[in-house]
Every structure is written in structure tokens, then in C-alpha cells.
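1. Kindly generate the corresponding structure for this input.
(one chain, ligands or ions: 1)
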Amino acid sequence: MSRRQADHDYNLRSMSNLMGERWKKVNDGGERSLIKAPSNASISSQGASAGASAAAGAPSAPSSSSTGDLERAARKQFQQDVTPGFVYVLAIFSALGGFLFGYDTGVISGAMLLLKRELDLSALWQEVLISSTVAAAAFSAPLGGFLNGVFGRRVCILLASFFFAVGGIVLSSAPGKEVLLAGRLIVGLGLGIASMTVPVYIAEASPPHLRGQLVTVNTLFITGGQFTASLIDGAFSYLRHDGWRYMLGLSVLPAVLQFMGFLFLPESPRWLIQRGLTQKARRVLSQIRGNQNIDEEYDSIKNSIEEEEKDSGGDGPVIWRMLTYPPTRRALVVGCGLQMFQQLSGINTVMYYSATILQMSGVRDDRLAIWLAGLTTLTNFLFTLLGVWLVERVGRRKLTLGSIIGTCLSLSLLAIGFLVSAQHSPPVTYHPLDPAMANSTCSKYQVCEPCMLDPGCGFCYRENGSALLTSSCVPVNKASTEHAAWGRCSNSTLMRDQTYWAYNYCPTSFSWLVLLGLVLYLAAFAPGMGPMPWTINSEIYPLWARSTGNACAAGVNWTFNILVSLTFLHLAQYITYYGAFFLYSTMALLGFFFTYGCLPETKSRRLEEIEALFENHLCSCGASDSDEGRQVEYIRVKGSNYHLSDNDASDVD
Ligand SMILES: O[C@H]1[C@H](O)[C@@H](O)[C@H](O)[C@@H](O)[C@H]1O
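-> This is a model prediction of the structure:
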């Protein structure tokens, strides 16, 4: 396969500026020689040695000690050349889509605390308003694949930011719950499109050595959006009246900023070449590659598109062609599998229910719980930053594997925390008579745990210092889960000092174990399992299948997101909290085996070469990943691609 061949080819065109001489290496079927080259010649080779150069009688090559310096200088020079600031501008404006993803999914939990009081929302309406956005995203992400193919990445990002802005305006001015629902659906449409387009756009515009980092910045923006949302939630929770309008409406600002930016930012050069808009593509490539020669990159994209068209063969819808062509079918399984395991390892139960988990650790004040939930989102954000730093250093595969094993262990710790808490669940000491004489199941519970897990009941208790005095299990108020239906926990004035209503937690002295598990979970998940599924999906499909592949994978992500977050409370009801977290931990373990067997390393490879990694049987990727020990690194030399193999340092001679 010609792309494979290209893996081992390189040229040294502009090394001459650093070496004072132009050298070229020739691979003559195993025998290597180093000869003085005409000024702009470029010939490929697999490696050369100083001995070989001497044997060839070439003018004296730089000594091996200076080789290291040259290599370092060359690397520095290449990276300076290769990274014009424009790529960063482009990545940051695109990643505003990630910010809005995080903000809009995160802000609703705090807004809901105010909304449910002001609009008197039933539990069903609360659930509908929260999940409608994710459901709309699950629908629009696959649709985004089609739109991307037809209209390009830029138009899709413009469309997504338009939806975000309009949705934000509708939400902040909503007169009632029906309009709120419409606003949440509009925002969801933007979310789905942005979540699949932005990583693709950034990946297609980035130089290979920065691609992982720049695409991961998008997830950094997602977690940054979630963190900002928790700060805004905390700040506006003091504004009891209309505070939610500001919370939901503030997203208009980044949306408008992104829209304005993308009026001026260019289309992806790869998409332009695919559509035959070659002159425009050349212009964009020159713009984003700064002072480099773009000829080789342009030719390589063009050739691979032609080759891909031959390879993928056949007509029919792209998804059909992807499924019938083994390398793309395997890539699709890997991409969707990673997104599925990301969600199955429970990130969004932790993100959406962190306030509840914190309440379990003894934080009883709503507002304090909102602020502390900000710590969870901050941890997620900070550790995603670690992922941005690690992705080009350790590679995607190792990062994902390390992260998922940590996720699995910390989920087990969380589960153990819940288990120990459940085993030491405080007893129900007092069984008051229902004033209406209604037959409530709540009165039959003898300890807090099953009472708390029953959605119809809550635990009402008095505390003196850390000692529990009287406690009872009573029905919840149907209109608001914040109070009991009757008795001393039925309204705030009756709840004298030291009397608490625990609807979804039990007082426990083992909360530190849960908190430790929570922090370790985020520290393990955020650098790898959070960003890598998005990053890897943006790189593993050939151009003709890229938008469809990403659309499917993003659709899988949103579908499992809604599945896991909506079922969490029901799951806890049937198999308890610790059962739920043991289940997520088992999912993470399965995810580990899947990743170990099926995910090849894509680090530093050009997008056009990655398809070749999926030519082997599925789930032999790990074993056949020949680059594991070889560490190939691409350095672009004024538009040419140059491989530095760490095991063959003399390549630079
Ligand atoms: O990668 C992101 C990120 O980790 C978020 O924190 C999470 O809420 C999303 O669902 C996930 O897709």
C-alpha cells in the first residue's frame, strides 16, 4: 500500500539550512549511502549510518555528537515553522463549541433548583427538561454527519453556534415550561452538531505533531464549560427570582463570539480538496501553515483521497460503504466502542449527581452543595489539562489504557464507600402514624438505606452533634422532594434546629471514602477516558468516512449518556448505590480489555496514513501495533514529512 510505503520515506530538503550542506540519503535496497545532493533534491531512505557515509566517500558528515544538537535544533526549527499562531486561533474558536457543550449540559442542574420552585415543576417536567437536550443531541449528531459531508465543517460550526445562541435567547426569556423545553431542544440540536464537527475540523487543520493536543483542547473546553457553569450556578443561586434566566442565557455570549469568528475562519482544507475546490484548498493550507511549503501536504491529501475512493469502492450511502469495507468497519467499531465505554464508566452520573454525593458526605446546605459540586467540575477540568499535556508524550493508547484502569479501580473504591455506608446505615427509631391513615410503604423500613432508595420516602432525623437522636422514614411531599409529606420534616419552620430531611442520602461517617473515590475517579478519568474517545475518533477514519464515522460515534456517546444518567436513580433503587458503581466499574474493566485489544496508536501519524492501522483483524490492533516500541515521530520540514525514529538516531545524519 503506498501509504505504508510513505511511512518509511522522508526527505531532508530544508535540513540544509541547519547543516550548511544539503545531504540526501538513498535507500538502495538495504545498502545505505550518504551523498552530497544537488541543492533542492530529495530522496527517501530508511536510515543511514556514519560508517556508510564514510564508505561512500562522501564529504565528511557532521560528527555523531553534533548530530544530537542538529537534531534538536532541527526539531525546534521545524516546530516553529510548523505551528503558525493561526492554527491556535482556529482551534480555540472551534473549541468554543466544546465550551458550550460543557456549559449547556452542566448549567441545568443549578438552574433546576431555582426553576422547580419558581415554575412549580413536577419531577417529570424536571426530568424532561434535563434530558431533552441530550436526547436532541443524540438525534442531531448523526444528522451532523450528513450536513458535514454536504456543507462542510465551517457551515456546520456556524449552524451549531446559531442554535446555541437562539436556544440561549429562548431559554432566558421563556415565559413557561413549554418554551423552556423548546429552548432546551434547540440547544441540544447545536450540541450534537458541534460535538461531532469540532474535533474533526481541528484534526483536519492541525499539523500531525500537534493534532492530539489541539483536539484534546476541545475536551478541555468541555470540562472548562462544565466548571464555568457550576460557578455561574453558584453565583446566581442567590438570585431566587429569575436567577435561572441568567444561568441559561449567558451561553449566548460564547455562541455569538464563535459565530462571528467563524464568519472569518476558513473551511477545512481536506474537505475542500475532497469537493474538488482545489484552489481554495491551497489558499487555506497556505494560510494555516504559515511560511511553509504546502505542496507535499496538498499532494498527499489529494493522492490519498483518490486512493481512498478506489479502495472504498462501490456506491451507496457512506455508512453502508463504511460497514462493507473492513478497515472503516473496524475503525467504526473502535470509535463507537470507546464512546460507549466512556459513558458506561459513569462520568455523567458523577457530574450530574455530585451534589447528592456531596450531601452524603455531610453537606446539608443546598447552596454549599452547589459550590462544592464546583470542586468536582474543577477537578475534572484540571485533570483534562494533564491529558492535553500527556497526549503527545505518551500517546493515545497508553493514556487511554492507564486512564481506564484507574477509572475502574476508583469506581470500585466509590462502590466500597457506598457499601460500607450502607452496612452502617442508621436505624429507623421512630415510626410515627400517618395522619391520613394512608397505607405507606415507608413505615415498613427499619434502616435508612432502603428508605432512602425508595423514591416515595425520605429519612427524617434529629442529630445532636454527631449522635443521631430520633429518626423516621416518611413519605415525600409529591410536589417537592425538599420536604416530607407530613410530620416534623414537612416544612422548614417545623424543622427545628438539628432536624434534617434526607431524601436521597443517609447520614454516614464513611463519606470520606466516597469523597476519596470521587476525586480519584475524576483524576483517573479526566486525562484519558474523557478526551481520548473524541480525539481518537477525529483521526481514525479516512476522509470520505470521517464525518459519518464521527457522527455515529458522537450519536453513540449521547445515546449512552442519556441511558446512563436517566437510569442511575432507578438502578440505585434496584441494585443500590454500591451495586450501581460496581456495575460501572465492571463496564470500565470491559472497556479496558476492548481498548487493549482493539485500539492502535495513532500518535504523530498523518491522517492519511491511519487507515492502514485498521487493516488487520479487529482486536489484533494492540498486538500488531508495530510502532509501540519504535516511536515514530513526524517532523515537517518546510512542507515535507520527515520521520525521526528514536531507535535510529543516525537518520538525521
Ligand atoms: O468527554 C466528555 C467530558 O469528559 C465530560 O466531562 C462529560 O460530561 C462528557 O459526557 C464527555 O463526553
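2. who touches residue 120 in this structure?
-> residue 479 (Cβ atoms under 8 Å, 6 or more residues apart in numbering). From N, CA and C alone the C-beta is placed, and that goes for glycine too.
3. Quick check, pLDDT for residue 438.
-> pLDDT recorded at residue 438 is 66.
4. do the same with residue 353
-> 75.
5. Please apply the same query to residue 388.
-> Value listed for residue 388 in the pLDDT field: 93.
6. Surely it touches residue 218?
-> No. Checked against Cβ atoms under 8 Å, the pair residue 388 and residue 218 is beyond contact range at 9.9 Å.
7. what sits in contact with each of the two?
-> residue 531.
8. Neighbour count for these two, which is higher?
-> A count of neighbours by other Cβ atoms under 10 Å puts residue 218 above the other of residue 388 and residue 218, at 29 against 20.
9. so which strand or helix has the more buried one?
-> Using DSSP states H and E, residue 218 sits within helix 208-236.
10. What parts of this structure come near the ligand?
-> 219, 222-223, 226, 342, 347-348, 351, 380, 530-531, 534, 557, 561 (Cβ under 6 Å from any ligand atom).
11. Out of the residues you listed, which end up buried?
-> Neighbour-count burial (16 or more other Cβ atoms under 10 Å) applied to those gives 219, 222-223, 226, 342, 347-348, 351, 380, 530-531, 534, 557, 561.
12. which of the residues in the helix holding residue 218 are buried?
-> Judged by neighbour count (16+ other Cβ under 10 Å), helix 208-236 contains these buried residues: 208-234, 236.
13. what residue ranges in the stretch 151-300 of the chain score low on pLDDT?
-> 291 (pLDDT under 70).
14. The residue nearest to residue 415 when sequence neighbours are not counted in helix, strand or coil?
-> Closest residue to residue 415 apart from its sequence neighbours, by Cβ to Cβ, 6 or more residues apart in numbering: residue 581 at 3.6 Å. Here residue 581 is recorded as helix under DSSP: H, G, I helix; E, B strand; the rest coil.
15. so residue 581 makes contact with residue 409?
-> No. Contact criterion Cβ under 8 Å: residue 581 and residue 409 do not qualify, at 11.8 Å.
16. These two - which one has more neighbours?
-> residue 581 (29 against 17).
17. Run through the residues that contact the more buried one.
-> Applying Cβ under 8 Å, 6+ apart to residue 581 gives the contacts 346, 411, 412, 414, 415, 418.
18. secondary structure element for the third one?
-> This points to residue 412. Assigned by DSSP H and E, residue 412 falls in helix 396-423.
19. Show me which residues of that helix are buried.
-> Here helix 396-423 shows 396-419, 421-422 as buried, counting by 16+ other Cβ under 10 Å.
20. Tell me which helix or strand comes right after it.
-> Heading C-terminal from helix 396-423 (DSSP H and E), you reach helix 448-453.
21. What lies in contact with that next one?
-> 422, 425-428, 442, 445, 457-459, 471, 473, 502-507, 572-573, 576-577.
22. Ok, stretch 241-260 next?
-> Under Cβ under 8 Å, 6+ apart, the answer for stretch 241-260 is 93-94, 96-97, 99-100, 103-104, 107-108, 110-112, 114-115, 118, 157-158, 161-162, 164-165, 167-169, 171-174, 183, 187, 190, 229, 232-233, 236-237, 239.
23. What subset of the residues you listed is buried?
-> 93-94, 96-97, 99-100, 103-104, 107-108, 110-112, 114-115, 157-158, 161-162, 164-165, 167-169, 171-172, 174, 183, 187, 190, 229, 232-233, 236-237.
24. one step back: any chance of the residues of the chain next to the ligand in a markdown table with distance to residue 586 and secondary structure as columns?
-> A markdown table is the format used below for the residues of the chain next to the ligand (distance: Cβ to Cβ, whole Å; DSSP: H, G, I helix; E, B strand; the rest coil):
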| residue | distance to residue 586 | secondary structure |
| --- | --- | --- |
| 219 | 25 | helix |
| 222 | 26 | helix |
| 223 | 25 | helix |
| 226 | 26 | helix |
| 342 | 15 | helix |
| 347 | 16 | helix |
| 348 | 18 | helix |
| 351 | 20 | helix |
| 380 | 22 | helix |
| 530 | 20 | coil |
| 531 | 23 | coil |
| 534 | 24 | helix |
| 557 | 20 | helix |
| 561 | 19 | helix |
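25. Look at residue 500 and give its secondary structure.
-> Going by three-state DSSP: residue 500 is strand.
26. if I look at it, how far off is residue 421?
-> 16 Å (Cβ to Cβ, to the nearest Å).
27. go on, residue 607?
-> Where residue 421 is concerned, residue 607 sits at a distance of 48 Å (Cβ to Cβ).
28. By mean pLDDT, which helix or strand of the protein comes out lowest?
-> helix 16-19 (a mean of 30; mean pLDDT, DSSP states H and E).
29. Low-confidence stretches in the stretch 401-550 of the chain?
-> 437-439, 466, 494, 496.
30. Residue 529 against residue 403, yeah?
-> Yes. Counting by Cβ under 8 Å, residue 529 touches residue 403, with 4.7 Å between them.
31. Correct me if wrong, but residue 475 is in a strand.
-> Yes. Counting by three-state DSSP, residue 475 is part of a strand.
32. give me phi/psi at the residue of the stretch 501-650 of the chain found nearest the ligand?
-> Minimum separation of the stretch 501-650 of the chain from the ligand (Cβ to the nearest ligand atom) falls at residue 530, amounting to 3.1 Å. Note on residue 530: its backbone torsions stand at phi -70, psi -60 [degrees, to the nearest 10].
33. go on, the one 10 residues further on?
-> For residue 540, the backbone dihedrals are phi -90, psi -10 (criterion: degrees, to the nearest 10).
34. That one - nearest residue in space that isn't next to it in sequence?
-> Per Cβ to Cβ, 6+ apart, closest to residue 540 is residue 331, 4.4 Å.
35. That neighbour contacts residue 541, doesn't it?
-> Yes. The pair residue 331 / residue 541 is scored as a contact, 5.4 Å apart, by Cβ under 8 Å.
36. Between the two, which has more neighbouring residues?
-> Neighbour count, other Cβ under 10 Å: between residue 331 and residue 541, residue 331 has more, with 30 against 26.
37. Give the other helices and strands that the helix or strand that one falls within contacts.
-> Using DSSP H and E, residue 331 falls within helix 326-344. Applying 3 or more Cβ pairs under 8 Å, 6 or more residues apart in numbering; DSSP states H and E, one finds that helix 326-344 makes contact with helix 318-324, helix 532-539, helix 543-598.
38. Could you check what's spatially nearest to residue 301, not counting adjacent residues?
-> Nearest one to residue 301, counting by Cβ to Cβ, 6+ apart, is residue 273 at 5.2 Å.
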